[in-house]
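Chemist: sequence first, then the predicted structure:
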Protein chains: 2
Amino acid sequence: MNIGIDMMGGDFAPQEAVKGVQLYLSESVAPANLFLIGDEARINQLLREHSIVSRQVTVIHASQNIDMHEHPTKALKEKQQSSIAIGFHLLAAGKTDAFISAGNTGAMLVGALFSIKAFEGILRPTIASVIPKEDGGTGLLLDVGLNSDCKPENLNQFAILGSLYAQHILDIENPRVALLNIGEEEGKGNILAQAAYPLLKANESIHFVGNIEGRDVFMDKADVMVCEGFTGNVILKLSESIYEITQRKQIQHEYFDRFNFEIYGGTPVLGISKPVMIGHGISHGLAFCNMIKLSHKMIDIDLMGKMKASFLG
Amino acid sequence: MNIGIDMMGGDFAPQEAVKGVQLYLSESVAPANLFLIGDEARINQLLREHSIVSRQVTVIHASQNIDMHEHPTKALKEKQQSSIAIGFHLLAAGKTDAFISAGNTGAMLVGALFSIKAFEGILRPTIASVIPKEDGGTGLLLDVGLNSDCKPENLNQFAILGSLYAQHILDIENPRVALLNIGEEEGKGNILAQAAYPLLKANESIHFVGNIEGRDVFMDKADVMVCEGFTGNVILKLSESIYEITQRKQIQHEYFDRFNFEIYGGTPVLGISKPVMIGHGISHGLAFCNMIKLSHKMIDIDLMGKMKASFLG
């Protein structure tokens, strides 16, 4: 198993990425082979400083870097020697089985969509986020920003992808799927939600439990919550800001600690044939370690294969 | 000045409505005339129990009541003797200058839209909610659920209505207006946001500051935040649930205390010619008192007249 990691992405690269690698190697019984992509000299120096000597680790040099504020499509095209471009090249060529980066989110999305193919039958890949539930559980919200305008059929596909992720990665048996809406009864909502409801209701490959409202997002009413990427992105970023506010105001509580999205690793791109994990810009070692673990698990159980099979019917 | 109050709406009616009336009368130097609409015998009994003897108070009997779960249009049509129907009848006839209820939200919206006219030039009235900012200030979010599908021009009008509300009711000079979006730069977002941005930018009657993201909703980046009613409603209900979670988990902090939406009174309907205030079902005396105060202020400064004038250009 080979996992590619962009060492140059994120606010604290490459130091924190190296810490993540160290953490992963120390915690794993049978670690994957890690391909560390970035400035070879700096990475090797950091590996020495952290006394990381492992047969599992290979450094791949990348002479360029895509900054956080560069235009995604343009940067990916022009910077063929960037760590993100090389990462996707290795993934597409089959030299790695997963790719992780905390760098330019747009470039990661463009790379995922154009270097790695969507499954047959998938209209649009999606990105998902874990949501901390009040009772200690976790839910999955999708789409969280890849698809800001959606058709009803998109939401129906997100529901299937989210169900499989919840089942196999979050270990939730028969996950309850809900449509995020602004009313509880069938027939409520905007045009999209009204049209998506009957599709979800008729979908036999999911356990649809109806509508949930904004007040239910953190409650134990559903495991998988589907919406278009505009609302999902606003919810995700608002939830992250709540964590930051509690930190700044020194409001200590284990519930709000779970709003630290770093503990969940990154955002997986679903609907494509290989695991691609997008980390937050502020990712520290823990986040990198968790992204590697998550990718490891996704490859191990062949999640992408399971998703693909579900769309072949 | 005459304010109509539905005494039968909300989970704790009519007791909490009576407490609100008592609180308002005790705190006001020159109180408005209050028309208490509902079960005459019960209201009079409660007025006696609370020793409310005031020339400002008139009880108007309503023999029917619209429950929280009744179909709005059907109930309003069939229950002409309900407190909400009578309330709108008095308002439309000019016998009252404002109407307040914590009852069936749908019926209140239907009543506001069909009994009270929208200003000339208004495409769609809207509902707004106050948002507690991290720094202690307050912002305004609209639409929060009346218009789940919007056209760009709707958002542009919400921006004007919200600006006037922020200026005259929240006392914010030259309020900063932002478009809620999923990216900071112009050109980002879904089709609606992309099309609304240039309209807002060109709108000379507002102080447009660009896009904000979900993470900025509770920050001091903008005073008036506009979006369609789907996302706005999800944000509002999610914010309310955060308050409820902090209550249940006994997380005490003055910041989260400000997520108790009762302190802001109700949700005003904007774009119509008379103040209509919709309270939460769980409204207690404080919420009723604040809704009466808010209506009083809106009438006092002729907010609706100011809004109307801004659309006559």
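Modeler: Looks like it came in fine.
Chemist: the helix or strand harbouring residue A:23: what's the following helix or strand?
Modeler: Under DSSP states H and E, the secondary-structure element containing residue A:23 is helix A:15-27. If you walk from helix A:15-27 toward the C-terminus, the next helix or strand you reach (DSSP H and E) is strand A:33-38.
Chemist: which ones are touching the nearest residue to residue A:213 once chain neighbours are set aside?
Modeler: Here the nearest residue to residue A:213 in space, its sequence neighbours aside, is residue B:237; by Cβ to Cβ, 6 or more residues apart in numbering or on different chains that works out to 5.1 Å. Backbone N, C-alpha and C define where each C-beta goes, glycine included. Residue B:237 makes contact with A:182, A:213, A:214, A:215 under the criterion Cβ atoms under 8 Å, 6 or more residues apart in numbering or on different chains.
Chemist: low pLDDT regions in the stretch 201-313 of chain A?
Modeler: With pLDDT under 70 as the threshold, the stretch 201-313 of chain A has low-confidence stretches at A:313.
Chemist: where do the strands sit along it?
Modeler: Shown for the stretch 201-313 of chain A, the strands assigned by DSSP state E, counting those that start in this stretch span residues A:207-212, A:224-226, A:267-270, A:276-278.
Chemist: quick one: closest of these to residue B:36.
Modeler: Residue B:36 lies closest to strand A:207-212 among the strands of the stretch 201-313 of chain A, at 35.8 Å (Cβ to Cβ).
Chemist: for the closest one, packing partners?
Modeler: For strand A:207-212, the packing partners by 3 or more Cβ pairs under 8 Å, 6 or more residues apart in numbering or on different chains; DSSP states H and E come out as strand A:176-180, helix A:191-202.
Chemist: list the buried ones in the longest one?
Modeler: To tie it back to what came earlier, the one meant is helix A:191-202. Neighbour-count burial for helix A:191-202, with 16 or more other Cβ atoms under 10 Å in any protein chain shown as criterion, is recorded at A:192, A:193, A:194, A:196, A:197, A:199, A:200.
Chemist: got the residues you listed as JSON lines, with pLDDT columns?
Modeler: Supplementary listing: the buried residues of helix A:191-202 in JSON lines, determined by pLDDT from 0 to 100:
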{"residue": "A:192", "pLDDT": "98"}
{"residue": "A:193", "pLDDT": "98"}
{"residue": "A:194", "pLDDT": "97"}
{"residue": "A:196", "pLDDT": "98"}
{"residue": "A:197", "pLDDT": "98"}
{"residue": "A:199", "pLDDT": "98"}
{"residue": "A:200", "pLDDT": "98"}
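Chemist: could you measure from residue A:230 over to residue B:233?
Modeler: According to Cβ to Cβ, to the nearest Å, residue A:230 stands 13 Å off from residue B:233.
Chemist: what of residue A:250?
Modeler: For residue A:250, the distance to residue B:233 under the criterion Cβ to Cβ works out to 31 Å.
Chemist: neighbour-wise, which of these two wins?
Modeler: Between residue A:250 and residue B:233, counted using other Cβ atoms under 10 Å in any protein chain shown, residue B:233 has the larger neighbour count: 28 against 7.
Chemist: so that one touches residue A:182, yeah?
Modeler: Yes: counting by Cβ atoms under 8 Å, residue B:233 does reach residue A:182; the two are 4.2 Å apart.
Chemist: chain B: which of the helices and strands packed on strand A:207-212 is closest?
Modeler: Chain B sits nearest to helix A:191-202 of all the helices and strands packed on strand A:207-212, at 5.3 Å, using Cβ to the nearest Cβ.
Chemist: and chain B, is the closest one touching that?
Modeler: Yes: taking Cβ under 8 Å from any Cβ of the partner chain as the criterion, helix A:191-202 and chain B are in contact, through A:191, A:193.
Chemist: show me what that helix is packed against.
Modeler: The helices and strands touching helix A:191-202, judged by 3+ Cβ pairs under 8 Å, 6+ apart, are helix A:152-168, strand A:176-180, strand A:207-212.
Chemist: deepest of these, which one?
Modeler: Among these, the stretch with the highest mean neighbour count (mean count of other Cβ atoms under 10 Å in any protein chain shown) is strand A:176-180, at a mean of 25.
Chemist: ok and that one relative to helix A:191-202, angle-wise?
Modeler: Calculated by axes from the mean of the first three to the mean of the last three Cα atoms, to 10 degrees, strand A:176-180 forms an angle of 160 degrees with helix A:191-202.
Chemist: what's the neighbour count on residue A:44?
Modeler: The number of residues packed around residue A:44, counting by other Cβ under 10 Å, is 14.
Chemist: residue A:53 too?
Modeler: When counting by other Cβ under 10 Å, one arrives at 9 neighbours for residue A:53.
Chemist: nearest residue to it in space, please, no chain neighbours.
Modeler: Nearest-residue entry for residue A:53: residue A:47, 7.8 Å, with adjacent residues in sequence omitted and distances by Cβ to Cβ, 6+ apart.
Chemist: what sits up against whichever strand or helix holds the one you found?
Modeler: Of the helices and strands defined by DSSP H and E, residue A:47 is found in helix A:40-49. Applying Cβ under 8 Å, 6+ apart, the external contacts of helix A:40-49 come out as A:7, A:14, A:15, A:18, A:36, A:53, A:57, A:59, A:60, A:61.
Chemist: can you check stretch A:299-308 too?
Modeler: Residues external to stretch A:299-308 that are found in contact with it (Cβ under 8 Å, 6+ apart): A:1, A:3, A:32, A:97-98, A:119-120, A:160-161, A:164-165, A:168-169, A:270-275, A:297-298.
Chemist: for that stretch, which positions count as buried?
Modeler: Neighbour-count burial for stretch A:299-308 flags A:299, A:303, A:304, A:307, A:308 (criterion: 16+ other Cβ under 10 Å).
Chemist: what do you get for stretch A:174-190?
Modeler: Using 16+ other Cβ under 10 Å as the burial criterion, the residues of stretch A:174-190 that qualify are A:175, A:176, A:177, A:178, A:179, A:180, A:181, A:182, A:188, A:189, A:190.
Chemist: how near is the first one to chain B?
Modeler: Going back to what we said before, that points to residue A:175. Between residue A:175 and chain B the computed distance is 21 Å (Cβ to the nearest Cβ, to the nearest Å).
Chemist: wait, doesn't that residue sit right on residue A:224?
Modeler: Yes: when contacts are counted by Cβ under 8 Å, residue A:175 is listed as touching residue A:224 (5.2 Å).
Chemist: overlap in contacts of the two?
Modeler: Both residue A:175 and residue A:224 are in contact with A:140, A:162, A:163, A:166, where contact means Cβ under 8 Å, 6+ apart.
Chemist: torsion angles phi and psi at the first one?
Modeler: Okay, so that is residue A:140. Main-chain dihedrals, residue A:140, degrees, to the nearest 10: phi -120, psi 130.
Chemist: shared neighbours, residue B:233 and residue A:182?
Modeler: Counting by Cβ under 8 Å, 6+ apart, the contacts common to residue B:233 and residue A:182 are A:213, A:214, B:145, B:148.
Chemist: and of those residues, the nearest to residue B:129?
Modeler: Within the shared contacts of residue B:233 and residue A:182, the smallest distance to residue B:129 is 9.0 Å, found for residue B:145 (Cβ to Cβ).
Chemist: for that closest one, give me the pLDDT.
Modeler: As predicted, residue B:145 sits at a pLDDT of 93.
Chemist: residue B:65: which of the helices and strands packed on strand A:207-212 is closest?
Modeler: Distances from residue B:65 to each of the helices and strands packed on strand A:207-212 were compared by Cβ to Cβ, and the smallest falls on helix A:191-202, at 29.5 Å.
Chemist: circling back: what packs against the helix holding residue A:23?
Modeler: Contact here means 3+ Cβ pairs under 8 Å, 6+ apart; on that basis helix A:15-27 packs against strand A:2-6, strand A:33-38, helix A:40-49, helix A:285-300.
Chemist: gap between that helix and the chain center?
Modeler: Its chain's C-alpha centre and that of helix A:15-27 lie 19 Å apart, by Cα atoms, centre = their mean, to the nearest Å.
Chemist: do the same with stretch A:99-107
Modeler: Distance, stretch centre to chain centre, for stretch A:99-107: 10 Å (Cα atoms, centre = their mean).
Chemist: go on, stretch A:305-313?
Modeler: 19 Å.
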